[in-house]
Every structure is written in C-alpha cells, then in structure tokens.
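**Student:** I would like the atomic coordinates for the input below:
(4 chains)
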Protein chains: 2
Amino acid sequence: MSGAVTIGVAAKATGVSAKMIRYYEETGLLPPADRTASGYRLYGEEDLHTLRFVRRARDLGFSVEDIAGLLALWQDRGRASAQVKALALHHVADLRRRIAELEAMARTLASLADHCSGDSRPDCPILDDLAADHAPDPRWPHRVKPLSR
Amino acid sequence: MSGAVTIGVAAKATGVSAKMIRYYEETGLLPPADRTASGYRLYGEEDLHTLRFVRRARDLGFSVEDIAGLLALWQDRGRASAQVKALALHHVADLRRRIAELEAMARTLASLADHCSGDSRPDCPILDDLAADHAPDPRWPHRVKPLSR
DNA sequence: CCTTGACCTTCCTACGATGGGAAGCCCCAC
DNA sequence: GTGGGGCTTCCCATCGTAGGAAGGTCAAGG
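**Tutor:** Presented below is the predicted three-dimensional model:
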C-alpha cells in the first residue's frame, strides 16, 4: 500500500529510464506526475502499469505518437477493438515495408560479397558495383546500360 | 571538357541533394570542393563519380562512417578485396540483425492482431498483451509474479 | 546536529541523416 | 539594369535516447 515511488525506482521497475519518463511527460505522452513537497515525481502502481505498457509498445516498435493513440484506446473502456487492430495492422505493414527494404539491401550486398574473392588482390565486385552507374530514378525496370559504344 | 558544374547540377546528376553534398563535405566524408572566384562549389566528372558512389552506398544502407572506409578502399589501388568484403559482410550481418528484430515485432503483433476480433466490442488481445506484465530484464525465462501476498 | 553519498531537479548537448527556411550575394538573359 | 533563379552560410527541426553540469533533498550513520 505504500504505493508511490520516486522516478529511479519506477525506472528500474518498468525498464523505462528516468530520462525517458521525464521526456514522455514533457511531450505529453504521459500526464504530469504527482510531486512531493520538494518536487520529486511520484509514481503509483497504476502509473507503473502505464509505464510498462509504454515500454512494451516501444519494444514492439510503435512510435511515441502511435503509443499515445494506444494509451487513449486502452484507457477508453468503450473503445472498439477494430480501432486497435487497425493501428496494429498499420504498424505491421510499416514494419514489413522496412523489412523488405533492408532485405533488398542485404540480398544485393550478400550477392556482391559472394562474388568477391576476399583475398589480398584488389579486384572487388563490391567496389565495382558501388562505382557503377546506377539509374537514380526509375524504380525497378533497371535499364541496363547500352552495350554498343 | 567543360567539366565543372555547380552544386545544383551535381545534385541532379547524382541523386544526392545539395544539402547532403554540403553536409558530406562539412563532416569530412568528401574533400572540400573547388570554388569559383565568387565561392560557388564546382564539381568535375570525377567528383560526380564519387557522389554516385556515395549515393549507391547509402542506398545499400551503409552509414556515412562506413562509406568513408569504402571510399578510402576504392581510392586505394593496392587494397585487398578482403577488407572490402569484411566491411560488406559486417554490414550484411547488421542488416540481418535489424531485420530479425523487426520480424520479431511484426510476428508478435500480427499474431496478436490475428486474435483480435476487430469489431465494435472493446475486448482486445492486443491491448491485453501491452498491458500484461512482460519481464523487463531476464531474456526469456519469464518469471511469473509471486502469487502469495 | 552534521556530513556523506545517493538520489532528485532542470537545463543544455549530442547523436545521424535529412529537410526547411531566411538573408544576402551572384550570374545570366532580356 | 533588372528580375529571377541559383548559390552561399547559418539556424532550426526531426525522433528517441543518452550524457553531463549545477544545485536541491533525503536518509543513514557518526
């Protein structure tokens, strides 16, 4: 029943650093914490719960802005789960898009590295690729450079 | 043989914005460009080649710091391709690590969303998961909170 | 009662890569 | 010579996080 703890304890208990707790408060993600007479922030069990919620959401890659939405829905007992699901699926789509981008990079680079002898000789397909003329604009129909000269 | 072009032309020709070209120069990735009498930066064919190299490397996800290394190797005719390959493979490993992280998030979230009805009712496994007690420190052996009180 | 050390407060700085914008100079075409 | 577009530098913002300085607070132990 003691309840209220200071920011350092709250940080350790929730895995959110004290710095970030202050930042979240400052940016409005969290409401201003209660204070002791001397100005120390105090966190009760419910606040800790909220902080853990925020941390979990961050761990799942949600932006702070998205988390504000999730928190609002969480605290709205009359919410429609459809709203939550939409937010989540939107985020999943975002994650998948970023994954696809990274995978394209990794594939390209791995394939280049695969063709590189990796010994003491200077010849290197990786550098050759980087130095080659890559079409800047057209997305995929990668126009091969004209052969005749 | 006109050769030298101003920064805006170089930007369009290479796909690197003028802002970024200045930034790269400022941070030492690129050597200071030649200037006209009135202070305009000038870029020759070789500079454009370098800029395209940088852009390609950025497109492959290399950090500016890594690109500095790649540029140095590129310009070192006596380099060992092993060095380039090592840099590339290190970066691939980094990409794969980030991909794995994002995939873990996406998988978790997609599975939660999958169990969410997504209708007008408020019940939502996604929020339930976010609100649940997730172990902060211990990696997986998820210690359940003590029952007795 | 006073010191000590751990904690808290605010405020400022930085990261990495990028974009936006303002104020002022430069250059070319008309 | 004028207008408009390009160039210069300088400052600010992003996003989430961390570090540090300067100073107040608190509890424990002498």
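**Student:** low-confidence ranges in chain A?
**Tutor:** Chain A contains residues with pLDDT under 70 at A:1-2, A:135-149.
**Student:** now the strands for chain A?
**Tutor:** Using DSSP state E, the strands of chain A run over A:34-35, A:41-42.
**Student:** the first one pairs with which strands?
**Tutor:** When sheet partners are counted by DSSP bridges, strand A:34-35 sits next to strand A:41-42 (antiparallel).
**Student:** and the strand it pairs with, anywhere near DNA strand C?
**Tutor:** Yes - contact of strand A:41-42 with DNA strand C (CB under 7 Å from any atom of the strand) involves A:R41. Any C-beta I mention is one placed from the backbone N, CA and C, and that applies to glycine too.
**Student:** now that strand, how far from the centre of its chain.
**Tutor:** Centroid separation for strand A:41-42 versus its chain: 28 Å, with CA atoms, centre = their mean, to the nearest Å.
**Student:** check stretch A:106-122 too.
**Tutor:** Centroid displacement of stretch A:106-122 relative to its chain, using CA atoms, centre = their mean, is 30 Å.
**Student:** tell me if that stretch is near chain B.
**Tutor:** Yes - remark: stretch A:106-122 sits within contact range of chain B at A:106, A:108-110, A:112-113, A:116-122, by CB under 8 Å from any CB of the partner chain.
**Student:** picking up where we left off before, mean neighbour count, the strands of chain A: which tops it?
**Tutor:** Among the strands of chain A, strand A:41-42 has the highest mean neighbour count (mean count of other CB atoms under 10 Å in any protein chain shown), at a mean of 18.
**Student:** quick one: distance of stretch A:105-123 to the chain centre.
**Tutor:** Remark: stretch A:105-123 is offset 30 Å from the chain centroid, using CA atoms, centre = their mean.
**Student:** give the contact list for the residue nearest to A:L60 when sequence neighbours are not counted.
**Tutor:** Distances taken as CB to CB, 6 or more residues apart in numbering or on different chains put B:M105 closest to A:L60, at 5.1 Å, once the chain neighbours are dropped. Taking CB atoms under 8 Å, 6 or more residues apart in numbering or on different chains, we find B:M105 in contact with A:D59, A:L60, A:G61, A:L95.
**Student:** kindly recompute the last result at 6 Å.
**Tutor:** Going by CB atoms under 6 Å, 6 or more residues apart in numbering or on different chains, B:M105 touches A:L60, A:G61, A:L95.
**Student:** so which of those residues belong to helices?
**Tutor:** Assigned to helices by DSSP state H, the following of the contacts of B:M105 qualify: A:L95.
**Student:** those residues of chain A touching chain B, which are they?
**Tutor:** A:15, A:53, A:56-57, A:60-61, A:74, A:79-82, A:84-85, A:88-89, A:92, A:95-96, A:98-99, A:102, A:105-106, A:109-110, A:113, A:116-122, A:124, A:126-127, A:130-131, A:134, A:136 (CB under 6 Å from any CB of the partner chain).
**Student:** how about the helices in chain A?
**Tutor:** Counting by DSSP H, the helices of chain A are A:7-14, A:18-26, A:45-59, A:64-75, A:81-114, A:125-131.
**Student:** how close does the residue most central in space within chain A get to DNA strand D?
**Tutor:** With distances taken as CA atoms, centre = their mean, A:G61 lies nearest the centre of chain A, 3.8 Å away. Distance from A:G61 to DNA strand D, counting by CB to the nearest atom of the strand, to the nearest Å: 10 Å.
**Student:** for that residue, what are phi and psi?
**Tutor:** Backbone torsions of A:G61, given as degrees, to the nearest 10, read phi 90, psi 10.
**Student:** so what's it up against?
**Tutor:** When contacts are counted by CB under 6 Å, 6+ apart, A:G61 touches B:M105.
**Student:** okay, the residues of stretch A:106-122 next to chain B in CSV with neighbour count and distance to B:D66 next?
**Tutor:** Output for those, formatted as CSV (neighbours: other CB atoms under 10 Å in any protein chain shown; distance: CB to CB, whole Å):
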residue, neighbour count, distance to B:D66
A:A106, 20, 14
A:T108, 15, 15
A:L109, 21, 11
A:A110, 16, 16
A:L112, 21, 14
A:A113, 21, 14
A:C116, 23, 16
A:S117, 13, 21
A:G118, 19, 17
A:D119, 11, 21
A:S120, 11, 21
A:R121, 12, 22
A:P122, 15, 19
